[in-house]
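**Student:** Everything below, folded, please.
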Amino acid sequence: MGEGRIILATRNRHKIDELLRLLNVPGLVFEDLRTRPPLPEVEEDGDSYEENAIKKARAVAEATGLPALADDSGLEVDALGGAPGVRSARYAGEGASDALNRAKLLQAMAAVPDERRTARFRCAIAIAIPGGSAMTVEGVCEGVILREERGTGGFGYDPLFLPYGERETFAEMSDAQKDSLSHRGVAVRRAAEVLSGLVLDTPSSGP
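**Tutor:** Okay, the predicted model is just below:
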(Lines give C-alpha, C1' and ligand atoms only; values in the text may rest on other atoms or scores of the structure.)
Protein backbone atom coordinates (compact mmCIF):
# COMPACT_ATOMS: atom_id res chain seq x y z
CA MET A 1 0.00 0.00 0.00
CA GLY A 2 2.83 2.45 -0.75
CA GLU A 3 3.99 2.77 2.86
CA GLY A 4 0.53 3.73 4.05
CA ARG A 5 0.13 6.72 1.74
CA ILE A 6 -2.96 7.39 -0.36
CA ILE A 7 -3.11 10.11 -3.01
CA LEU A 8 -6.32 12.13 -3.26
CA ALA A 9 -6.66 12.58 -7.01
CA THR A 10 -7.73 16.22 -6.99
CA ARG A 11 -6.40 19.76 -6.66
CA ASN A 12 -9.84 21.17 -5.80
CA ARG A 13 -9.41 22.79 -2.39
CA HIS A 14 -13.07 22.39 -1.42
CA LYS A 15 -13.09 18.68 -2.24
CA ILE A 16 -9.79 18.13 -0.46
CA ASP A 17 -11.10 19.83 2.69
CA GLU A 18 -14.23 17.63 2.71
CA LEU A 19 -12.28 14.44 2.02
CA LEU A 20 -9.73 15.10 4.74
CA ARG A 21 -12.46 15.90 7.29
CA LEU A 22 -14.09 12.54 6.63
CA LEU A 23 -11.16 10.21 5.96
CA ASN A 24 -9.78 8.96 9.25
CA VAL A 25 -8.21 5.56 8.69
CA PRO A 26 -5.55 4.45 11.18
CA GLY A 27 -2.33 3.50 9.41
CA LEU A 28 -2.90 5.72 6.38
CA VAL A 29 -1.58 9.16 5.48
CA PHE A 30 -3.49 11.13 2.84
CA GLU A 31 -1.77 13.44 0.37
CA ASP A 32 -3.26 15.40 -2.51
CA LEU A 33 -2.08 16.48 -5.91
CA ARG A 34 -1.10 19.93 -4.66
CA THR A 35 1.96 18.27 -3.10
CA ARG A 36 2.98 16.70 -6.43
CA PRO A 37 4.47 17.98 -9.68
CA PRO A 38 1.80 18.69 -12.29
CA LEU A 39 0.35 15.54 -13.86
CA PRO A 40 -1.35 15.32 -17.26
CA GLU A 41 -5.00 16.37 -17.05
CA VAL A 42 -7.46 13.48 -17.06
CA GLU A 43 -10.37 14.10 -19.43
CA GLU A 44 -13.60 13.37 -17.59
CA ASP A 45 -15.47 12.07 -20.61
CA GLY A 46 -17.18 9.05 -19.01
CA ASP A 47 -20.92 8.49 -19.19
CA SER A 48 -21.17 8.02 -15.43
CA TYR A 49 -19.61 9.33 -12.23
CA GLU A 50 -18.16 5.86 -11.62
CA GLU A 51 -16.37 5.83 -14.99
CA ASN A 52 -14.86 9.26 -14.39
CA ALA A 53 -13.79 8.43 -10.83
CA ILE A 54 -12.12 5.18 -11.93
CA LYS A 55 -10.36 6.93 -14.81
CA LYS A 56 -8.95 9.62 -12.51
CA ALA A 57 -7.93 7.20 -9.76
CA ARG A 58 -6.17 4.82 -12.14
CA ALA A 59 -4.31 7.62 -13.92
CA VAL A 60 -3.02 9.08 -10.66
CA ALA A 61 -2.14 5.66 -9.21
CA GLU A 62 -0.06 4.77 -12.27
CA ALA A 63 1.61 8.21 -12.39
CA THR A 64 2.57 8.24 -8.70
CA GLY A 65 3.03 4.55 -7.96
CA LEU A 66 0.73 4.93 -4.96
CA PRO A 67 -2.89 3.97 -4.32
CA ALA A 68 -5.20 6.79 -5.35
CA LEU A 69 -8.70 7.87 -4.35
CA ALA A 70 -10.79 9.91 -6.76
CA ASP A 71 -14.36 11.12 -6.73
CA ASP A 72 -16.79 12.36 -9.32
CA SER A 73 -20.08 13.89 -8.33
CA GLY A 74 -22.93 15.91 -9.68
CA LEU A 75 -26.45 17.19 -9.34
CA GLU A 76 -29.34 15.34 -11.00
CA VAL A 77 -32.55 17.35 -11.46
CA ASP A 78 -35.62 15.26 -12.31
CA ALA A 79 -37.42 18.02 -14.22
CA LEU A 80 -34.35 18.39 -16.45
CA GLY A 81 -34.10 14.71 -17.25
CA GLY A 82 -31.22 14.21 -14.82
CA ALA A 83 -29.18 17.22 -15.99
CA PRO A 84 -26.71 18.67 -15.30
CA GLY A 85 -25.46 15.23 -14.15
CA VAL A 86 -21.89 14.35 -15.12
CA ARG A 87 -21.56 17.83 -16.64
CA SER A 88 -22.41 19.58 -13.37
CA ALA A 89 -19.03 21.34 -13.07
CA ARG A 90 -19.25 22.63 -16.66
CA TYR A 91 -23.02 23.05 -17.02
CA ALA A 92 -22.65 26.66 -18.22
CA GLY A 93 -19.62 25.78 -20.39
CA GLU A 94 -16.02 24.67 -20.01
CA GLY A 95 -14.34 26.59 -17.19
CA ALA A 96 -17.63 28.05 -15.97
CA SER A 97 -17.72 29.36 -12.41
CA ASP A 98 -20.01 27.96 -9.74
CA ALA A 99 -22.04 31.17 -9.93
CA LEU A 100 -22.59 30.81 -13.68
CA ASN A 101 -23.61 27.17 -13.29
CA ARG A 102 -26.14 28.10 -10.61
CA ALA A 103 -27.51 30.95 -12.71
CA LYS A 104 -28.05 28.62 -15.66
CA LEU A 105 -29.79 26.09 -13.41
CA LEU A 106 -32.12 28.74 -11.98
CA GLN A 107 -32.98 29.91 -15.50
CA ALA A 108 -33.67 26.35 -16.66
CA MET A 109 -35.89 25.77 -13.60
CA ALA A 110 -37.74 29.09 -13.68
CA ALA A 111 -41.05 27.64 -14.88
CA VAL A 112 -40.85 24.38 -12.91
CA PRO A 113 -43.48 24.24 -10.10
CA ASP A 114 -42.39 23.55 -6.55
CA GLU A 115 -43.72 19.99 -6.49
CA ARG A 116 -41.53 19.05 -9.47
CA ARG A 117 -38.24 20.56 -8.26
CA THR A 118 -36.89 17.27 -6.89
CA ALA A 119 -33.19 16.50 -7.28
CA ARG A 120 -30.30 14.59 -5.82
CA PHE A 121 -26.58 14.90 -5.39
CA ARG A 122 -24.69 11.73 -6.34
CA CYS A 123 -21.05 10.91 -5.64
CA ALA A 124 -18.94 7.98 -6.80
CA ILE A 125 -15.55 7.30 -5.24
CA ALA A 126 -12.94 5.02 -6.79
CA ILE A 127 -9.87 3.57 -5.07
CA ALA A 128 -7.20 2.33 -7.49
CA ILE A 129 -4.08 0.31 -6.77
CA PRO A 130 -1.09 0.74 -9.14
CA GLY A 131 -1.18 -2.10 -11.64
CA GLY A 132 -4.26 -3.52 -9.98
CA SER A 133 -7.98 -3.22 -9.71
CA ALA A 134 -10.23 -0.29 -8.86
CA MET A 135 -13.02 -0.43 -6.27
CA THR A 136 -15.97 1.96 -6.18
CA VAL A 137 -18.58 3.12 -3.69
CA GLU A 138 -21.45 5.58 -4.05
CA GLY A 139 -23.38 8.09 -1.95
CA VAL A 140 -26.67 9.88 -2.70
CA CYS A 141 -28.54 12.74 -1.02
CA GLU A 142 -32.13 13.54 -2.07
CA GLY A 143 -33.69 16.99 -1.91
CA VAL A 144 -35.18 19.89 -3.85
CA ILE A 145 -33.92 22.89 -5.84
CA LEU A 146 -34.87 26.26 -4.37
CA ARG A 147 -35.88 29.35 -6.37
CA GLU A 148 -33.10 31.49 -4.96
CA GLU A 149 -29.72 30.99 -3.34
CA ARG A 150 -29.41 30.68 0.43
CA GLY A 151 -26.18 30.63 2.39
CA THR A 152 -22.56 31.42 1.66
CA GLY A 153 -20.81 28.20 2.66
CA GLY A 154 -20.07 25.11 0.63
CA PHE A 155 -19.48 25.28 -3.11
CA GLY A 156 -21.04 24.32 -6.42
CA TYR A 157 -24.82 24.08 -6.23
CA ASP A 158 -24.93 23.99 -2.41
CA PRO A 159 -26.83 27.33 -2.02
CA LEU A 160 -29.71 25.98 -4.13
CA PHE A 161 -30.04 22.48 -2.68
CA LEU A 162 -32.29 21.77 0.29
CA PRO A 163 -32.03 18.15 1.53
CA TYR A 164 -35.29 16.44 2.42
CA GLY A 165 -36.31 16.97 6.03
CA GLU A 166 -33.94 19.92 6.53
CA ARG A 167 -34.49 23.64 6.91
CA GLU A 168 -31.03 24.70 5.77
CA THR A 169 -29.32 24.37 2.41
CA PHE A 170 -25.90 22.76 2.24
CA ALA A 171 -24.50 26.31 2.02
CA GLU A 172 -26.17 27.29 5.32
CA MET A 173 -25.07 24.20 7.28
CA SER A 174 -21.97 23.77 9.38
CA ASP A 175 -19.31 21.43 7.99
CA ALA A 176 -20.36 18.75 10.47
CA GLN A 177 -24.04 19.00 9.49
CA LYS A 178 -23.27 18.82 5.79
CA ASP A 179 -20.82 15.93 6.21
CA SER A 180 -23.43 13.88 8.07
CA LEU A 181 -25.96 14.20 5.21
CA SER A 182 -24.12 14.83 1.98
CA HIS A 183 -23.60 12.48 -0.92
CA ARG A 184 -19.83 12.85 -0.52
CA GLY A 185 -20.06 12.22 3.21
CA VAL A 186 -21.92 8.94 2.63
CA ALA A 187 -19.52 7.86 -0.12
CA VAL A 188 -16.37 8.77 1.81
CA ARG A 189 -17.49 6.87 4.91
CA ARG A 190 -18.04 3.81 2.71
CA ALA A 191 -14.62 4.36 1.10
CA ALA A 192 -13.02 4.56 4.55
CA GLU A 193 -14.44 1.12 5.34
CA VAL A 194 -12.89 -0.24 2.13
CA LEU A 195 -9.53 1.36 2.96
CA SER A 196 -9.64 -0.06 6.49
CA GLY A 197 -10.04 -3.52 5.00
CA LEU A 198 -7.07 -2.94 2.71
CA VAL A 199 -4.94 -1.85 5.64
CA LEU A 200 -5.93 -4.94 7.65
CA ASP A 201 -5.02 -7.10 4.67
CA THR A 202 -1.62 -5.45 4.30
CA PRO A 203 0.37 -5.77 7.55
CA SER A 204 3.40 -3.96 6.13
CA SER A 205 1.54 -0.70 5.56
CA GLY A 206 2.14 2.20 7.89
CA PRO A 207 2.48 5.97 8.00
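**Student:** need the strands for the chain, in chain order.
**Tutor:** With DSSP state E as the criterion, the chain has strands at 5-8, 29-32, 68-77, 118-128, 134-145, 161-163.
**Student:** got the contact list for Asp114?
**Tutor:** Going by CB atoms under 8 Å, 6 or more residues apart in numbering, Asp114 touches Val144. Bear in mind the C-beta positions are built from the backbone N, C-alpha and C, glycine included.
**Student:** State the pLDDT value of it.
**Tutor:** The model reports Asp114 with a pLDDT of 96.
**Student:** Please apply the same query to Asp158.
**Tutor:** Among the per-residue scores, Asp158 holds a pLDDT of 97.
**Student:** Not counting stretch 11-28 itself, show me its contacts.
**Tutor:** The set of residues external to stretch 11-28 that reach it, using CB under 8 Å, 6+ apart, is 1, 4-6, 8, 10, 30, 32-34, 69, 71, 154-156, 175, 179, 182, 184-185, 188-189, 191-192, 195-196, 199, 205-207.
**Student:** list the buried ones in that stretch?
**Tutor:** Residues of stretch 11-28 classed as buried: 12, 15-16, 18-19, 22-23, 25, 27-28 (neighbour count, 16 or more other CB atoms under 10 Å).
**Student:** Stretch 107-116 now?
**Tutor:** Judged by neighbour count using 16+ other CB under 10 Å, the buried positions of stretch 107-116 are 108-109, 112.
**Student:** got the contact list for the closest residue to Gly151 other than its chain neighbours?
**Tutor:** Distances taken as CB to CB, 6 or more residues apart in numbering put Ala171 closest to Gly151, at 3.0 Å, once the chain neighbours are dropped. If you count contacts by CB under 8 Å, 6+ apart, Ala171 has them with 149-154, 158-159.
**Student:** Of those, select the buried ones using a ChimeraX command.
**Tutor:** Of the contacts of Ala171, the buried ones can be selected in ChimeraX as follows, counting by 16+ other CB under 10 Å:
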select :149,150,153,154,158,159
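**Student:** Switch the contacts of Ala171 over to JSON lines; also include distance to Glu76.
**Tutor:** Formatted as JSON lines, those follow (distance: CB to CB, whole Å):
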{"residue": "Glu149", "distance to Glu76": "19"}
{"residue": "Arg150", "distance to Glu76": "20"}
{"residue": "Gly151", "distance to Glu76": "21"}
{"residue": "Thr152", "distance to Glu76": "24"}
{"residue": "Gly153", "distance to Glu76": "22"}
{"residue": "Gly154", "distance to Glu76": "18"}
{"residue": "Asp158", "distance to Glu76": "15"}
{"residue": "Pro159", "distance to Glu76": "17"}
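**Student:** thinking again about what came up before, drop the exposed ones from the contacts of stretch 11-28 and show what's left.
**Tutor:** When these are checked for burial by 16+ other CB under 10 Å, the buried set is 1, 4-6, 8, 10, 30, 32-33, 69, 71, 154, 156, 179, 182, 184-185, 188-189, 191-192, 195, 199, 205.
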